[in-house]
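> Structure of the sequence below:
(one chain, ligands or ions: 2)
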Amino acid sequence: MVCVTIYAKVTWTKDKCPVGKEALNILADKILQPPALSRIVEWRRHLHAYPEVSGQEYETRRYLLDELAKMGIPARTFECHAGIMATVEGCAPGGVIALRADMDALPLEEKNAVGYRSQRQGIMHACGHDGHMAILLGVASALQQSRDKWAGTVKLLFQPSEEDAPRGGAPKMIKDGVLENPKVDAIFGLHVWPELPCGDIGIIRGPQMASSDRFSLRLIGASAHAANPHQGIDAIMMAGDVLNAFSRIIHRRVDPREAVTISVGTIRGGERYNVVAGEVLLEGTVRTLSEAIRKQIPAIIRQVTEGICAGYGGSFELDYQHGYPVLNNTDDEACLVVLTAGRLLGSERVRTDIKPALGAEDFAFYTDSVPGAFFLLGCGADGGKLRPLHSGNFDFDERALFIGARIMEDTVLAALSRVQQRKGATAKESR
Ligand SMILES: [Zn+2]
Ligand SMILES: [Zn+2]
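Ligands and ions are numbered 1, 2, ... in the order given. As a prediction, the model looks like this:
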């Protein structure tokens, strides 16, 4: 059996590569739809019709296991969650590359009147994870069919509970050893992205998505008659000062060149219009692209709140939960995606000028442990109406499925090839 390097199998140059709407159709129809991907739309639509929320993805798991079994791909399941690790082995030992797709849907009513609309009331794949799973099945099928042509191991991670912030499903998969035995050299993931047109992808080196922490802050005063506020400690007044102080933290306690936001989403307090409120509860989230800033913020919140409460004679309780870390794309892995996608789509369609998102992704837990890259897969209609993620109207251009799968497939092959080259170079040096 001969193993060949597929690193440079797509040889378009920038000027030869088709671009534009019509060309995208040609690209999607003729070049990006090899037989291995023929069922990708069917998979996506089935998964879309039968969504399950975080922690309950067991029917989804059954469906994925059946499809993987039809392809002859062995898969491992886990006791404490619905994740799957499927493994495709090449024709010889080599590098180990992991790909991840998230599995969960959102507790949201679908508003689309499409044939494949959600069959489950109040649950919808409104974050495109149905597409991510279909793409990974497509990659699985393609790699299984070509495995006599490449060396190494590919781990396909179907991961539950991405939406279950601040915990997430990734830490459970990592705890169950998916990055070990054999040790993963690099990991790749993607997210459908309606703000980018179908045919474009977005990827940057370094922080691609923000960390996401969650806090609840209880401000404790003392109630009194509203006519005699001096006899109480007004928790609503304290809350007003704390909210103002939060915006000053961003402007005066953090390096202005850093991206950070503190948002309070709920505020509850007070019982009656003529009673000084004895207690107020604020709940919010902190997002940043810097792990260093992220470490400082809880102490700053505590210090600022302490000062304000002391001024009123009140007190507070802060419950600060660390959630998803900053998602950092490592240089080499981001470069591989840029090169691979550039060959497939044309380099002008690979957007490396995008700004990082302050949304969070639990894929960040993987890139905390191993090198990796995560890219945004354009799925919006060019010039059409935006169908935002996490809305009942979310849907996407399904040509993105083929594009995502082809980029993933070629990226894996390029990454495996690179591991081989590096091992070869190290062996030569040590001789
Ligand atoms: Zn989401
Ligand atoms: Zn998502």
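> Parallel or antiparallel, which strands does the host helix or strand of Leu156 pair with?
Using DSSP states H and E, Leu156 sits within strand 153-159. Strand 153-159 has the following sheet partners, assigned by DSSP bridges: strand 84-89 (antiparallel), strand 96-102 (parallel).
> roughly how far out does it sit from the chain middle?
15 Å (Cα atoms, centre = their mean, to the nearest Å).
> Can you classify Met173 as helix, strand or coil?
helix (DSSP: H, G, I helix; E, B strand; the rest coil).
> If you could redo that for Pro51, that was the one I meant.
Secondary structure assignment for Pro51 (three-state DSSP): coil.
> list the contacts for it?
Shown in contact with Pro51 (Cβ atoms under 8 Å, 6 or more residues apart in numbering): Ala105, Leu106, Ser118, Arg120, Ile123, Met124, His125, Asp130. For glycine as for every other residue, the C-beta is placed from the backbone atoms N, C-alpha and C.
> Need the buried ones from these selected in ChimeraX.
The following ChimeraX line selects those of the contacts of Pro51 that are buried, judged by 16 or more other Cβ atoms under 10 Å:
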select :105,106,118,123,124,125,130
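> would you list the contacts of Pro51 in a markdown table and tack on distance to Ala414, secondary structure and pLDDT?
Formatted as a markdown table, those follow (distance: Cβ to Cβ, whole Å; DSSP: H, G, I helix; E, B strand; the rest coil; pLDDT from 0 to 100):
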| residue | distance to Ala414 | secondary structure | pLDDT |
| --- | --- | --- | --- |
| Ala105 | 32 | strand | 98 |
| Leu106 | 33 | strand | 97 |
| Ser118 | 36 | coil | 98 |
| Arg120 | 39 | coil | 98 |
| Ile123 | 37 | coil | 98 |
| Met124 | 35 | strand | 98 |
| His125 | 30 | coil | 98 |
| Asp130 | 27 | helix | 98 |
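> Just the buried positions in the lengthiest helix in the chain, please.
Using DSSP state H to define each element, the chain has its longest helix at helix 399-430. Applying a neighbour-count criterion of 16+ other Cβ under 10 Å, one finds 399-420 buried in helix 399-430.
> mind listing the helices for the stretch 101-250 of the chain?
Ranges of helices within the stretch 101-250 of the chain are 129-145, 170-175, 235-248, based on DSSP state H, counting those that start in this stretch.
> buried residues in the first one?
It stands for helix 129-145. Buried-residue list, helix 129-145, by 16+ other Cβ under 10 Å: 129-144.
> And those, which two are furthest apart?
Using Cβ to Cβ, the buried residues of helix 129-145 reach their maximum pairwise distance at His129 and Gln144, which is 22.2 Å.
> Contact partners for Pro35?
Neighbour list for Pro35: empty [criterion: Cβ under 8 Å, 6+ apart].
> what about 10 Å?
Pro35 sits next to Ser141, Ala142, Gln145 when contact means Cβ atoms under 10 Å, 6 or more residues apart in numbering.
> Among these, which one sits closest to Phe374?
Ala142 (20.4 Å).
> which strand is the longest one in the chain?
Using DSSP state E to define each element, the chain has its longest strand at strand 186-197.
> what's the angle from it to helix 129-145?
130 degrees (axes from the mean of the first three to the mean of the last three Cα atoms, to 10 degrees).
> which stretches of the chain have low pLDDT?
1-32, 382-383, 430-431 (pLDDT under 70).
> Can you give me the domain assignment for it?
20-209+327-430, 211-324 (automatic domain parsing).
> I'd like the distance between the nearest residue in space to Gln33 that is not next to it in sequence and His125.
Leaving aside its sequence neighbours, Gln33 sits nearest to Phe402 (Cβ to Cβ, 6 or more residues apart in numbering; 5.3 Å). Phe402 sits 18 Å away from His125 when distances are taken as Cβ to Cβ, to the nearest Å.
> Just say helix, strand or coil for the spatially most central residue of the chain.
Against the mean C-alpha coordinate of the chain, by Cα atoms, centre = their mean, the closest residue is Glu361 at 3.6 Å. Secondary structure assignment for Glu361 (three-state DSSP): coil.
> need the helices for the stretch 301-431 of the chain, in chain order.
Using DSSP H, counting those that start in this stretch, helices in the stretch 301-431 of the chain cover 331-345, 364-369, 399-430.
> Just give me the neighbour total for Leu344.
22 (other Cβ atoms under 10 Å).
> what's around the nearest residue to Gly169 once chain neighbours are set aside, how many residues?
Of all residues not flanking Gly169 in the chain, Ser161 sits nearest, at 3.2 Å (Cβ to Cβ, 6+ apart). Using other Cβ under 10 Å, Ser161 has 25 neighbouring residues.
> Run through the residues that contact Ser161.
Ser161 is in contact with 53-57, 81-83, 102-104, 167-173, 362, counting by Cβ under 10 Å, 6+ apart.
> Can you select the buried ones among those for me in PyMOL?
PyMOL command restricting these to the buried ones, with burial defined by 16+ other Cβ under 10 Å:
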select buried, resi 53+54+56+57+81+82+83+102+103+104+168+169+170+172+173+362
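> Give me the angle between the longest strand of the chain and helix 399-430.
150 degrees.
> buried residues in strand 186-197?
Ala186, Ile187, Phe188, Gly189, Leu190, His191, Val192, Trp193, Pro194, Leu196, Pro197.
> hey, C-alpha coordinates of that strand in PDB?
The C-alpha trace of strand 186-197 is given here as PDB (Å, rounded to 0.1, in the frame of the first residue of the first chain):
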ATOM      1  CA  ALA A 186      -3.500  19.500  16.600                       C
ATOM      2  CA  ILE A 187      -7.300  20.100  16.700                       C
ATOM      3  CA  PHE A 188      -9.600  22.100  14.300                       C
ATOM      4  CA  GLY A 189     -13.100  23.300  14.500                       C
ATOM      5  CA  LEU A 190     -15.500  25.700  12.800                       C
ATOM      6  CA  HIS A 191     -18.700  27.600  13.400                       C
ATOM      7  CA  VAL A 192     -21.200  28.600  10.700                       C
ATOM      8  CA  TRP A 193     -21.200  32.400  10.600                       C
ATOM      9  CA  PRO A 194     -24.100  34.300   9.000                       C
ATOM     10  CA  GLU A 195     -22.400  37.700   9.000                       C
ATOM     11  CA  LEU A 196     -20.000  36.300   6.400                       C
ATOM     12  CA  PRO A 197     -21.300  35.400   2.900                       C
END
